[in-house]
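Peer 1: Sharing a sequence plus its predicted fold:
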Amino acid sequence: MGMLLFTCVLALVIWLLVFRNELERWRPEWHWYLVGYPTTALRVAFTWRRVAYLNGLTVSHKPNRRVLGDLEVRGEPLRTRTPRISFPRATPYGLEVHVRLHAGQTPAPFLASSDAFAHAWRVHAVRVVSPERGIVLITATARDPLENTDHPAPGTAALLTATVGTLENSRPWGMNFRRVPHWLIVGATQSGKSTLLARLVTELAPQPVALVGIDCKGGMELGLLEMRLSALATDRSEAVALLARLVTEMQDRMRTCRFAGARSIWELPEKARPVPVVVIVDELAELYLTNGSKEQRAEAEECTTYLLRIAQLGAALGLHLVVAGQRVGSDLGPGVTALRAQLSGRICHRVNDPGTAEMALGDLNKDAVVVAQSIGEAERGVAVTTGDSGGWMRGRSHLTTPAEARAAAAEFARMTPRPKFLAGTPGGGTLL
């Protein structure tokens, strides 16, 4: 029996050595669990003590320095103690290790050593977080899960839910407006921001949702999707008029809910429930920048007021915001910072200036700002995103070409709501 087991194990090892390249090509997940994970787990277990020592993650019973008169004498620390780790647990794209800190230790040195871990363990990347006091979670990613993401066709998602890509933990990247009502998306040119917006519209197109676009670049981006938009403003004057209609509609919905004794439109009977609205603003800066004239300053202030009111009150009333821009900073005006505070969902692609990454993620997590600034030009579609989980994660949006987005808009054009409150606005009409 023992000889048979030894023969089977030996045959498996030989097979893996001979066919490992083919296995990695056709079944990368099998290759990871059968070859990659055991090798990496043993490497972590056997190198942990030395890696921790070289990166200053150990503690000692006695100080490694003494003062003799006016001289400070340094020496090797005595009886160093290495923090204990759990045995590495396999994940689809890597492994996880829990570290139990000694008294007086903090997660900061472990976070600073993430690159050292990645090199020592020969993995793609290492992320360090502290899920609870006294514990550090080290997540090693063996290969980049965002390198090749699938491109599924639009599915039948729940109302106001869109699957826009894949997260670094291999799970779907979703935007759920029922849980996270408003979103801020930033990204430089060719970073994937427009592709993400196209994917979002493609996902929402089959749903009974009114999509309203504001594209002050003459409709160059959102104009491709106009067949599925209930209204589209292509300059600031049209945007002011459109936002005013939305604020008026929001007030009407507030009165309807109050008379019905409901706290949101979702507590109303389905037949009496107004259509949900998702407002997509492409290039926020165009709404705020002026030439100094009194008229343009007045328009910019109106846009600020209307957007802020929708962000503050619209969630329970079925009005949701998606605000996108290449650069978002406080220099655009004090209203931008106030608006940012109301947009709890954040997505940051590669940006050209640190201030935009700080504006998008700085008030939520400083580590996310650093990760967002490390996104390279070749990583188009990769972004750092926050959501309803309370944390942050890297993700990559599904590539959606302009032709595919235009085809989806045409396919579901018949489902475009034409509510009465948008009558007279560009692209608006009456409810059919």
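Peer 2: Arrived safely, thanks for sending.
Peer 1: How is the chain partitioned into domains?
Peer 2: Per automatic domain parsing, the structural domains of the chain span 21-141, 161-422.
Peer 1: List the beta-bridge partners for Trp392.
Peer 2: Beta-bridge partners for Trp392, by DSSP bridges, are Thr386.
Peer 1: Just name the most buried of the domains of the chain.
Peer 2: domain 161-422 (a mean of 19; mean count of other Cβ atoms under 10 Å). For the C-beta atoms, the positions are set from N, CA and C on the backbone; glycine is no exception.
Peer 1: Centroid-nearest residue for this protein?
Peer 2: The centroid of the chain falls nearest to Thr385 when counting by Cα atoms, centre = their mean (1.5 Å).
Peer 1: Would you confirm that Ala338 belongs to a helix?
Peer 2: Yes: Ala338 sits within a helix when classified using DSSP: H, G, I helix; E, B strand; the rest coil.
Peer 1: Return the residues in contact with it.
Peer 2: Residues in contact with Ala338 (Cβ atoms under 8 Å, 6 or more residues apart in numbering) are Leu308.
Peer 1: pLDDT weak spots in the stretch 301-432 of the chain?
Peer 2: 387-390, 426-432 (pLDDT under 70).
Peer 1: Walking through it, point out its strands one by one.
Peer 2: Ranges of strands in the stretch 301-432 of the chain, per DSSP state E, counting those that start in this stretch, are 319-325, 345-348, 382-386, 392-397.
Peer 1: For those, give me JSON lines that also has distance to Leu307.
Peer 2: Output for the strands of the stretch 301-432 of the chain, formatted as JSON lines (distance: least, Cβ to Cβ, whole Å):
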{"stretch": "strand 319-325", "distance to Leu307": "7"}
{"stretch": "strand 345-348", "distance to Leu307": "15"}
{"stretch": "strand 382-386", "distance to Leu307": "20"}
{"stretch": "strand 392-397", "distance to Leu307": "24"}
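Peer 1: So for Asn55, which of the ones you listed sits nearest?
Peer 2: Closest of the strands of the stretch 301-432 of the chain to Asn55 is strand 392-397, at 23.6 Å (criterion: Cβ to Cβ).
Peer 1: what's the closest of the strands of the stretch 301-432 of the chain to Arg273?
Peer 2: Of the strands of the stretch 301-432 of the chain, nearest to Arg273 by Cβ to Cβ is strand 319-325, at 13.2 Å.
Peer 1: Give me the packing partners of the closest one, helices and strands only.
Peer 2: Packing partners of strand 319-325 (3 or more Cβ pairs under 8 Å, 6 or more residues apart in numbering; DSSP states H and E): strand 182-186, helix 193-204, helix 236-260, strand 277-282, helix 294-313.
Peer 1: Mind doing that once more with 7 Å?
Peer 2: strand 182-186, helix 193-204, strand 277-282, helix 294-313 (3 or more Cβ pairs under 7 Å, 6 or more residues apart in numbering; DSSP states H and E).
Peer 1: Provide a list of residues in contact with Val278.
Peer 2: Contacts for Val278 (Cβ atoms under 7 Å, 6 or more residues apart in numbering) come out as 177, 204, 209, 211, 320, 322.
Peer 1: Tell me the secondary structure of Asp144, please.
Peer 2: Asp144 ends up coil, using three-state DSSP.
Peer 1: give me the low-pLDDT residue ranges for the stretch 1-150 of the chain?
Peer 2: Residue ranges of the stretch 1-150 of the chain with pLDDT under 70: 1-28, 30, 61-79, 145-150.
Peer 1: run the last query once more with 80
Peer 2: Applying pLDDT under 80 to the stretch 1-150 of the chain flags the ranges 1-35, 60-80, 143-150.
Peer 1: After whichever strand or helix holds Leu211, which helix or strand is next? Please name it.
Peer 2: Assigned by DSSP states H and E, Leu211 belongs to strand 210-215. The first helix or strand that comes after strand 210-215 along the chain, using DSSP H and E, is strand 231-233.
Peer 1: Any idea how far that following strand is from the middle of the chain?
Peer 2: Relative to its parent chain, strand 231-233 has a centroid offset of 27 Å by Cα atoms, centre = their mean, to the nearest Å.
Peer 1: Paired strands for that strand, with orientation please.
Peer 2: Looking at strand 231-233 with DSSP bridges, its partner strands are strand 210-215 (parallel).
Peer 1: and the angle from the partner strand to strand 277-282?
Peer 2: Taking axes from the mean of the first three to the mean of the last three Cα atoms, to 10 degrees, one finds strand 210-215 and strand 277-282 inclined to each other by 20 degrees.
Peer 1: ok so, going back, doesn't Gly395 make contact with the residue nearest to the centre of the chain?
Peer 2: Yes: proximity of Thr385 to Gly395 meets the contact threshold set by Cβ atoms under 7 Å, at 5.1 Å.
Peer 1: Return every residue with contacts to both of those two.
Peer 2: In contact with both Thr385 and Gly395: Trp173, using Cβ under 7 Å, 6+ apart.
Peer 1: Poorly predicted segments of the stretch 151-300 of the chain, please.
Peer 2: Confidence mapping of the stretch 151-300 of the chain against pLDDT under 80 gives the ranges 151-157, 169-170, 290-292.
Peer 1: mind giving me JSON lines with the contacts of Val278 and columns for distance to Arg143?
Peer 2: Putting those into JSON lines (distance: Cβ to Cβ, whole Å) gives the following:
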{"residue": "Phe177", "distance to Arg143": "32"}
{"residue": "Leu204", "distance to Arg143": "32"}
{"residue": "Val209", "distance to Arg143": "37"}
{"residue": "Leu211", "distance to Arg143": "37"}
{"residue": "His320", "distance to Arg143": "36"}
{"residue": "Val322", "distance to Arg143": "32"}
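Peer 1: What lies in contact with stretch 226-238?
Peer 2: Outside stretch 226-238, the residues that touch it by Cβ under 7 Å, 6+ apart are 201, 205, 210-216, 218-219, 222-223, 239, 242, 286-287, 299, 303, 409-410, 412-413, 416-419, 422, 425-428.
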